[in-house]
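Chemist: My questions are about this predicted structure, shown below with the sequence.
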Amino acid sequence: MTLQLTMQSSELSSEELSTLQEMRVRCAKNILLSTSLAGSGHPGGSLSTLDNLLVTYGCMRHDASQPDLEERDRVIMSIGHVSPAVYATLAEYGYFTEGDFLSGFRRTGSGFPGHVERIVPGVEWDTGNLGQGLSTAVGLAHGFKIQNRSNKVIVFMGDGEHQKGQIIEAIRYASKYKLDNLIVVIDRNHLQICGTTEEVMPQSIRSLYSTNNWDVQYLEDGHDYNAYFQTFSRAYQKSDGVPTVIVSRTIMSKGISFMENIPKYHGSPLDRDSLAKAMAELGVEDEFEKWNAIRQQPVATDTIQEYKAPELSVSGGTPLVYEAGTMLDNRSAYGNALLSLAEANNRDDNMIITGISCDLEGSVKMGGFHKHSPKAYMEAGIQEHHAATMAGGLASLGLVTFFSTFGAFAVSEVYNQNRLNDFNHASVKVVATHVGLDVGEDGPTHQCIDYLGLFRNYYRSSVFMPADPNQTDRIIRYIAAAPGNVFVGMGRSKTPVITKEDGSVFFDSDYSFQAGKGDWLRRGTDATLITYGAVVPAVMEAWEILKAAGHSVAVLNMASLVPLDKDAVLQAADTGVVLTVEDHHVETGLGSMVGTVLAEAGKGISFKRLGVSQYGGSGKPADLYASQGLDGKSIAETLSAMLG
C-alpha cells in the first residue's frame, strides 16, 4: 500500500496532498491510455470519481497482500463502468501492477473486464447494470451488524443511476435498520449519456436521502482532497444509527480541459491525436505505442482471482417425518424446517441462518423462524428487487440466506437480480411459495409458470421442486448446508404425503435428498411418467387408474431439475413410452429438458409432454389443472392413448 491516511487527523498533510496529486496524474494517464488502447470504455466518469476513490482507499481497512482479509472494509462499485478508475486506484495500492491493467483491459480472457468483476484482486462484486450496488452494500452492512463485526461498507454511485427505483428501496431499508456502517459516495457530475441529469430526468438526489433520515453531506468541490477526507473520516468513525451519503459535486473528465463537462466522454475513449494532447496536458509521456505493442502478445491471466466460497459449518438439524395420511402444504413444511435449522444453528452471538421476506411472513411460513431468531429475520417490505439483491450481499458473508416470497415475485419480477447473484456465486436460497396453477383463485398474473425456464438460463444455480412435505423438509436442510444459488419452488395447497405401494412413507427417516438424482416412486415396464412438484398427486392418481387398467407404469419424480438426472431419463426411455407432466409452461420446462436428453441420446421412442399450454384462469387449482389436462384422469387418458 502506497498511502495510509490517519482519520484521527483534522486534515491532510502537505506530503499526503502531494502524494495524492502524484497518484492522480498516474491514474488519469492509465484511465485515458487503457480506454484508448481498448477502443472503448468510460473515461469521463472514471476521471470525475478518481479523487474520491484515492482518498477512500487511503482511509479504509484493506491489505493488498491479503485481498480476503476478514477485517477488510468492503467497497462496492454500483457504477461499475468506471472500472478504469477502480483498476488504476487498485494498482496504486498494490493489488497488481499498472502493466497488468494496461496490457489486459477489455481483452478476451484477461483479468480486467470492461465493468468491474471480482476476478480482479480488490474488487468485491460483479456490479452489473446500474442501480444494483446500493442493495448489495446494504446486504453487506446489515450482515456485518448481524455478525457483530465492525467492518464498514462504502458504495460508489452515479447521479444518473438514481433514476432507478430500486435505489429508493435500498435507501428506505438502510434507514429502517440503522446501518451506520454504510457510506454512500455519489459522483455528482450532473451528466449522463444523453445530456445533463436535469434534462434527462430531473430529481433532487439529496432529498431522496434526507426524507428517509440519512445523514446527507454535500461537497461543493468533490475534488478537494481535504474536504472529502474530513467528511469521509467523520462518516467512517460515527456510530449514531444513521447511514451517511456524501454527495460529491464533481466535474466529468476532471483534469483534461478539452474533455471536461462533455457528456460524450461518459463512454467514448480519446482518439490517437486527442490522447497525445491529453498526455501533454498531464505532463506525462505518451506510451500508447509501447502498450499497444505489448497488447499484441497473448493475454496474461495470472492476476485472475478465483472465487472462494465462505467456509460454513451448518447443522442440518433433526429431519421431521410426516406420517402417511397427512395433508400439509409444502410451505408449512418449509417453515418448520427453517425453524428447525435456526434452533440447530443460531445463537444470540452467532447467527448462521438468516431469512428475508417481503411483507409475506405468514404466507411463506417464516413466523416461527422470526420468533426464534428476530435478529436474523429481515422484513424488506414490498421491495422485492432490493430484497433479492440484498440477499446476495448477506450470503457472501457466509450467512445462509433464505429469500422467500411468492413465485411471481421471486422469479419473474427479479430475474436480473437473481442473475447478478448467479454471476457472483452468491449462494442465495430462493424459496418461493405459490408457484404454478396451484395459486388458483389469485389468477394468471400471480401463477408463476416460468420458474424453471428462467432459472435454467443461469449457469450457477440449482432448481429443486419437492413432491411432498417430507421431501420439502429434506431439501431445505440440504440447501442450508450446500454451497451455491438455489431455487426451491412449491405450490400453495395442502398435498398428501407420498407413500410406497405398501402404504408406508416414501421419503422416510432413511431418505436423504441428492442433487441430480431422481426418485422412482413406482417401477413399471410399459411406460414412464416423469413429473415433479404440485402435480405429483395427480400423477399418482393416474398411476392408480392405469394400474387398474392393467398397465405397468413407472413414476419418476424429478425433484432435482437442475441438475437433472439424465441417467434416470434414459432408464425411463427403456420402457419405450415417456410422458412428462408438470405445472409449468410446457415449452420451457421439464418436458423440453427430457426431450433434449432423449434426442441427444438418439432414443426413438413414443414421447409426449403435458404442461401449462396457455395462461390459467382464476379458479380452484383442481379445475385449472383439469382445464389443461393435468388432472389424474386426463393424464391417464393421455398415456393410455400413447400405449395404444
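Modeler: Happy to help now that I have it.
Chemist: ranges for the helices of the stretch 451-600 of the chain?
Modeler: Here the stretch 451-600 of the chain has its helices, by DSSP state H, counting those that start in this stretch, at 451-455, 469-481, 536-548, 566-573, 590-600.
Chemist: Outside of the host helix or strand of residue 83 itself, list whatever touches it.
Modeler: Using DSSP states H and E, residue 83 maps to helix 83-92. Helix 83-92 has contacts (Cβ atoms under 8 Å, 6 or more residues apart in numbering) with 2-3, 23, 26-28, 30-31, 34-35, 41-43, 45-47, 49-50, 53-54, 57, 64, 77, 96-98, 100-101, 105, 112-116, 120-123. For every residue, glycine as well, the C-beta is placed using N, CA and C.
Chemist: List only buried entries from those residues.
Modeler: Among the contacts of helix 83-92, those buried by neighbour count (16 or more other Cβ atoms under 10 Å) are 3, 23, 27-28, 30-31, 34-35, 41-43, 45-47, 49-50, 53-54, 57, 64, 77, 96, 98, 100-101, 105, 112-116, 120-123.
Chemist: Which members of the residues you listed occur in helices, if any?
Modeler: Counting by DSSP state H, the buried ones among the contacts of helix 83-92 place 23, 27-28, 30-31, 34-35, 43, 45-47, 49-50, 53-54, 57, 98, 100-101 in helices.
Chemist: OK, contacts around residue 99?
Modeler: When contacts are counted by Cβ under 8 Å, 6+ apart, residue 99 touches residue 294.
Chemist: Tell me which of the helices of the stretch 451-600 of the chain is the most buried.
Modeler: Greatest average neighbour count among the helices of the stretch 451-600 of the chain goes to helix 469-481 (a mean of 25), per mean count of other Cβ atoms under 10 Å.
Chemist: Tell me the gap between that helix and the middle of its chain.
Modeler: Between the centre of helix 469-481 and the centre of its chain there are 21 Å (Cα atoms, centre = their mean, to the nearest Å).
Chemist: Please apply the same query to stretch 111-121.
Modeler: Averaging C-alpha coordinates over stretch 111-121 and over its chain gives two centres that are 17 Å apart (Cα atoms, centre = their mean).
Chemist: Next, the distance between the ends of that stretch.
Modeler: Distance between the two ends of stretch 111-121: 9 Å, counting by Cα to Cα, to the nearest Å.
Chemist: before we move on, back to that, tell me the average confidence for the helix holding residue 83?
Modeler: In this model, helix 83-92 carries a mean pLDDT of 98.
Chemist: Correct me if wrong: residue 16 contacts residue 4.
Modeler: No. Judged on Cβ atoms under 8 Å, residue 16 makes no contact with residue 4 at a distance of 9.4 Å.
Chemist: Now for those two: what residues contact both?
Modeler: Residues touching both residue 16 and residue 4 (Cβ under 8 Å, 6+ apart) are residue 58.
Chemist: Name the residue in the two with the higher neighbour count.
Modeler: The residue with more neighbours, out of residue 16 and residue 4, is residue 16; 20 against 10, by other Cβ atoms under 10 Å.
Chemist: Pull the distance from the helix or strand hosting the more buried one to the chain's centre.
Modeler: According to DSSP H and E, residue 16 maps onto helix 14-38. What separates the centre of helix 14-38 from the centre of its chain is 33 Å, taken as Cα atoms, centre = their mean.
Chemist: so what secondary structure elements neighbour it?
Modeler: For helix 14-38, the packing partners by 3 or more Cβ pairs under 8 Å, 6 or more residues apart in numbering; DSSP states H and E come out as helix 43-59, helix 83-92, helix 98-104, helix 225-237, helix 272-282, helix 288-294.
Chemist: what's the closest of those helices to residue 302?
Modeler: Closest of those to residue 302 is helix 98-104, at 8.1 Å (criterion: Cβ to Cβ).
Chemist: Only C-alpha atoms, please: export the helix or strand that the closest one is followed by in PDB.
Modeler: As assigned by DSSP H and E, the chain's next helix or strand after helix 98-104 is helix 133-146. Taking C-alpha atoms only, helix 133-146 is exported to PDB below (Å, rounded to 0.1, in the frame of the first residue of the first chain):
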ATOM      1  CA  GLY A 133     -24.900  -1.700  -5.900                       C
ATOM      2  CA  LEU A 134     -26.600   0.000  -3.000                       C
ATOM      3  CA  SER A 135     -28.800  -3.000  -2.300                       C
ATOM      4  CA  THR A 136     -25.700  -5.300  -2.300                       C
ATOM      5  CA  ALA A 137     -23.900  -2.800   0.000                       C
ATOM      6  CA  VAL A 138     -26.900  -2.700   2.300                       C
ATOM      7  CA  GLY A 139     -26.900  -6.500   2.500                       C
ATOM      8  CA  LEU A 140     -23.200  -6.500   3.400                       C
ATOM      9  CA  ALA A 141     -23.700  -3.700   6.000                       C
ATOM     10  CA  HIS A 142     -26.700  -5.500   7.600                       C
ATOM     11  CA  GLY A 143     -24.800  -8.800   7.500                       C
ATOM     12  CA  PHE A 144     -21.900  -7.200   9.400                       C
ATOM     13  CA  LYS A 145     -24.400  -6.000  12.000                       C
ATOM     14  CA  ILE A 146     -25.900  -9.400  12.400                       C
END
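Chemist: The strand ranked longest in the chain pairs with which strands, and in what direction?
Modeler: Assignment by DSSP state E gives strand 577-585 as the longest strand of the chain. Strand 577-585 pairs in its sheet with strand 527-531 (parallel), strand 606-612 (parallel), by DSSP bridges.
Chemist: What are the boundaries of the strands in the stretch 201-350 of the chain?
Modeler: 215-219, 244-249, 327-329 (DSSP state E, counting those that start in this stretch).
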